[in-house]
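K.L.:
Show me how the following folds:
(2 chains)
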Number of protein chains: 2
Amino acid sequence: MSLDFIQKLVKPADTKIVLLVMDGLGGLSVEPGGLTELEAAQTPNLDQLAKDSICGLQQPVAPGVTPGSGPAHLALFGYDPITYQVGRGVLSALGIDFDLTDQDVAARGNFCTIDEEGRVTDRRAGRISTEKSKELCKLLQQVELPGVQLFIEPEKDYRFVLVLRGEGLSGDITDSDPQETNQSPLQPKALSVEAEKTAWLVNEFLTRTYEILQDHHPANMVLLRGFAQRPHWPTVSDVFGFKAAAIAAYPMYRGIAKLVGMEVLDVKDDVEKEFERLEEVWQRYDFFYLHVKRIDSAGEDGDFERKVNLIETVDAQIPRLIKLNPDVVIVTGDHSTPSRLRYHGWHPVPVLLWSKYCRADRVDQFGERACMAGGLGPNLPGVNLMPLALANALRLEKFRA
Amino acid sequence: MSLDFIQKLVKPADTKIVLLVMDGLGGLSVEPGGLTELEAAQTPNLDQLAKDSICGLQQPVAPGVTPGSGPAHLALFGYDPITYQVGRGVLSALGIDFDLTDQDVAARGNFCTIDEEGRVTDRRAGRISTEKSKELCKLLQQVELPGVQLFIEPEKDYRFVLVLRGEGLSGDITDSDPQETNQSPLQPKALSVEAEKTAWLVNEFLTRTYEILQDHHPANMVLLRGFAQRPHWPTVSDVFGFKAAAIAAYPMYRGIAKLVGMEVLDVKDDVEKEFERLEEVWQRYDFFYLHVKRIDSAGEDGDFERKVNLIETVDAQIPRLIKLNPDVVIVTGDHSTPSRLRYHGWHPVPVLLWSKYCRADRVDQFGERACMAGGLGPNLPGVNLMPLALANALRLEKFRA
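P.N.:
Presented below is the predicted three-dimensional model:
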């Protein structure tokens, strides 16, 4: 089902949809037969909501595929993540509110440490602070290259964004980041004739960068990856007719939301503040994407208990959401991050969809095993959630006579 | 899975399949946690059949998509409804047994009322009777246009079918029906060069029609939509090797059945008579499509109780069906029509598939929530039912060695 197909069915309605994404929500039990993080959490509000909802497990990309946060979110936004792929550089640039033009090629940068033989010893330069990163970016901003404008902007910690702006550039070049230590940074290469000029410019940039940074150990070099131009995708307004707001604190999620045309609101990385923001702007939008990051971080740290507690803090906010009287509520994650794996997992993610017309199933608990028996099934493609949300919001016409 | 793929696997067998379509079967409860129409109905025979069947919920088009009856039926007949799309005009023409040739372009017509400024005030001309419609069609049959033959045939109530027959015609033109009142009828336009002649002819026809009808208030004009030529699709005989009979009283369903090459039998709009017809012709066919319309009408009228009662009248006929000793029985709907929505819904439709080899699941009641837990799953694409029916009828070869 393409965006095109859905777009033709969309009709206007005065209804509001909330998509609450608990990042990395899905989990695993520590012991066989034990409870997952979500099952172990005390979630009376989510359980009550699940009781009145249609539930299931959703598959962000495909069975067995562990999704990155980018594709997983695109799926939740209704964009097939295999069709709609975007370079990391673009997500990073959009995430720091950098206004990408059609003349821009963006890359994600890491400050890194290299040894005397030029081999990478630390891909994150000892995780230098954002402050330090800002200083170093300032130094790099001195670099000038013929025929292009350069932007070097700090992101968070050791991360930065490089943007080249000019005529005839292309993102079709390889990374300098070898993704491993004990290897030298790679020399970016053009993957097409159109990209040769860009590859030459990037290599020039890397040469100058090394000259500038060489005495700034541990951040004595940079690694670049994900060269890309901003794609021209239909926006959620174009396709679904939404005026959509994103309430997300972390750069990358803000970037993805911006890429699909949501208005990205300022908000602190704090669950209560996020729900407060939702209340403040309730009248001004009809689609709300609300992102809670820290659950995923707890999973990546392997901290089962912290993940449980964070889920409970979100549960405590659910009554505020319900009080707003939304027409459709979806609660899910972008992917699983089982604390036992300390990493994204391929496991499908619990999801509940509530509306007046949802045809509730018999699930009465929001948890992995309870949701398996739900009406959405245990393997719903994540990309199907948006059409279901639209249908439940009475925003889709009948398909033919 | 394409028709092509299935066709290569089909083998002959002396087995009979019955597809019983209860139009608009799927429903919703009135109160949260309450029973749907099908759950509320006393259906001892369907429940017994469900117990021995594999059950589930089927999705006629795609998650969230509310299907029209045309696409929903095509899915049940094994034709992907997004690949196989057909104009309304063709379905209407086939439904009244009009024999469409390759030179024909058909449109669905409504008699309508327009005011002095030419704006539509009633798209259905006060729902004039079929009798009145016949008279008016006779008047319009006087219209002559250069180089084409015209057919104007009454359908039901205020509906009629217009067919243009001649060389070089095309269905690629826009509707005259504005789909809303307080607007003037639109001027059909060619969407391709090949359709310019047809557009001109249709506009001529509309001019003459207005001259003829202007004093026949409330039916003082017509609206045309769904211009189309009969598509050349493989028939169910070609693909599945069936000799197929359709037992359906309503024009549109008869039209779809004819389009896929079924023999459409004469029958009254009466459930008992339909099963009687099934018994009469049992020896002569090996696939039977039996369509019960009124359940959907009750749903569209928002009449929960009537829908319940009509479901029960079908249930009462099930023993007659079983007595015929079919090899495969599928009972489902083409779509949901929850009486609470008073309209087609996007909700998947209960389905049971019975055969000697079906591997029955644990479902022991034919209802929405019971079927969610069935072996066909809660989201089976409707188009998969036909291959499953064929397999259970031992009509499919193994795929490769």
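
K.L.:
doesn't A:Leu321 make contact with A:Lys16?
P.N.:
No - using Cβ atoms under 8 Å, A:Lys16 makes no contact with A:Leu321, being 11.0 Å away. All C-beta atoms are positioned from the backbone trio N, CA, C, and that covers glycine.

K.L.:
What count of nearby residues applies to the residue in the stretch 301-401 of chain A that chain B sits nearest to?
P.N.:
Nearest residue of the stretch 301-401 of chain A to chain B (Cβ to the nearest Cβ) works out as A:Pro387 at 3.1 Å. Neighbour count for A:Pro387, taken as other Cβ atoms under 10 Å in any protein chain shown: 23.

K.L.:
In a strand, it, correct?
P.N.:
No - A:Pro387: not assigned to a strand; according to DSSP: H, G, I helix; E, B strand; the rest coil it is helix.

K.L.:
and the closest residue to A:Asp270 other than its chain neighbours, what does it touch?
P.N.:
For A:Asp270, ignoring the flanking residues on the chain, the nearest one in space by Cβ to Cβ, 6 or more residues apart in numbering or on different chains is A:Ala249 at 7.8 Å. Contact partners of A:Ala249, counting by Cβ atoms under 8 Å, 6 or more residues apart in numbering or on different chains, are A:267-270, A:274, A:291, A:293.

K.L.:
In terms of helix, strand or coil, where does A:Ala249 fall?
P.N.:
The three-state assignment at A:Ala249 reads coil, by three-state DSSP.

K.L.:
Quick check: A:Phe160 touching A:Ser133?
P.N.:
Yes - using Cβ under 8 Å, A:Phe160 makes contact with A:Ser133 at a distance of 6.1 Å.

K.L.:
now A:Arg59: how far from A:His335?
P.N.:
No Arg there; residue A:59 is Gln. From A:Gln59 across to A:His335, the span is 10 Å (Cβ to Cβ, to the nearest Å).

K.L.:
between those two, who's got more neighbours?
P.N.:
Taking other Cβ under 10 Å, A:Gln59 and A:His335 do not tie; A:His335 has more neighbours (33 against 25).

K.L.:
quick one: pLDDT of that one?
P.N.:
For A:His335, the model assigns a pLDDT of 98.

K.L.:
do the same with the one 3 residues further on
P.N.:
What the model reports for A:Pro338 is a pLDDT of 98.

K.L.:
what's the answer for A:Glu31, then?
P.N.:
Reading off the confidence values, A:Glu31 has pLDDT 93.

K.L.:
Tell me the secondary structure of it, please.
P.N.:
What three-state DSSP gives for A:Glu31 is coil.

K.L.:
burial of it, as a residue count?
P.N.:
A:Glu31 is flanked by 7 other residues according to other Cβ under 10 Å.

K.L.:
Distance from the chain centre to stretch A:39-57, please.
P.N.:
24 Å (Cα atoms, centre = their mean, to the nearest Å).

K.L.:
Then stretch A:185-199?
P.N.:
Worked out by Cα atoms, centre = their mean, stretch A:185-199 lies 27 Å from the chain centre.

K.L.:
First-to-last residue distance for it?
P.N.:
Taking Cα to Cα, to the nearest Å, stretch A:185-199 runs 15 Å from one end to the other.

K.L.:
Which residues outside it are in contact with it?
P.N.:
With contact meaning Cβ under 8 Å, 6+ apart, stretch A:185-199 is reached by A:105, A:112, A:114, A:118, A:120, A:164, A:168-178, A:202-203, A:206, A:221, A:223-224, A:227.

K.L.:
Now the buried members of those.
P.N.:
Neighbour-count burial (16 or more other Cβ atoms under 10 Å in any protein chain shown) applied to the contacts of stretch A:185-199 gives A:105, A:112, A:114, A:120, A:164, A:169-178, A:202, A:206, A:221, A:223-224, A:227.

K.L.:
Can you flag which of those residues belong to strands?
P.N.:
Those of the buried ones among the contacts of stretch A:185-199 mapping onto strands are A:105, A:112, A:114, A:120, A:164, A:221, A:223-224, A:227, per DSSP state E.

K.L.:
Tell me which two of the residues you listed sit farthest apart.
P.N.:
A:Val105 and A:Ile114 (24.2 Å; Cβ to Cβ).

K.L.:
In CSV, please show the C-alpha coordinates belonging to stretch A:251-262.
P.N.:
Provided in CSV are the C-alpha atoms of stretch A:251-262 (Å, rounded to 0.1, in the frame of the first residue of the first chain):
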residue,chain,number,x,y,z
PRO,A,251,18.0,15.8,17.5
MET,A,252,17.6,12.7,15.3
TYR,A,253,13.9,12.2,16.1
ARG,A,254,13.4,15.9,15.5
GLY,A,255,15.2,15.5,12.2
ILE,A,256,13.0,12.6,11.0
ALA,A,257,9.8,14.5,12.0
LYS,A,258,11.0,17.6,10.1
LEU,A,259,11.8,15.5,7.1
VAL,A,260,8.2,14.3,6.8
GLY,A,261,6.9,17.9,7.3
MET,A,262,5.9,18.0,11.0
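
K.L.:
avg pLDDT for it?
P.N.:
Stretch A:251-262 carries an average pLDDT of 93.

K.L.:
want to try JSON lines for the ones in strands among the buried ones among the contacts of stretch A:185-199, with distance to A:Leu310 and pLDDT as columns?
P.N.:
Listed next are these as JSON lines, based on distance: Cβ to Cβ, whole Å; pLDDT from 0 to 100:
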{"residue": "A:Val105", "distance to A:Leu310": "37", "pLDDT": "98"}
{"residue": "A:Cys112", "distance to A:Leu310": "31", "pLDDT": "97"}
{"residue": "A:Ile114", "distance to A:Leu310": "37", "pLDDT": "97"}
{"residue": "A:Val120", "distance to A:Leu310": "34", "pLDDT": "97"}
{"residue": "A:Leu164", "distance to A:Leu310": "39", "pLDDT": "98"}
{"residue": "A:Met221", "distance to A:Leu310": "36", "pLDDT": "98"}
{"residue": "A:Leu223", "distance to A:Leu310": "31", "pLDDT": "98"}
{"residue": "A:Leu224", "distance to A:Leu310": "33", "pLDDT": "98"}
{"residue": "A:Phe227", "distance to A:Leu310": "35", "pLDDT": "97"}
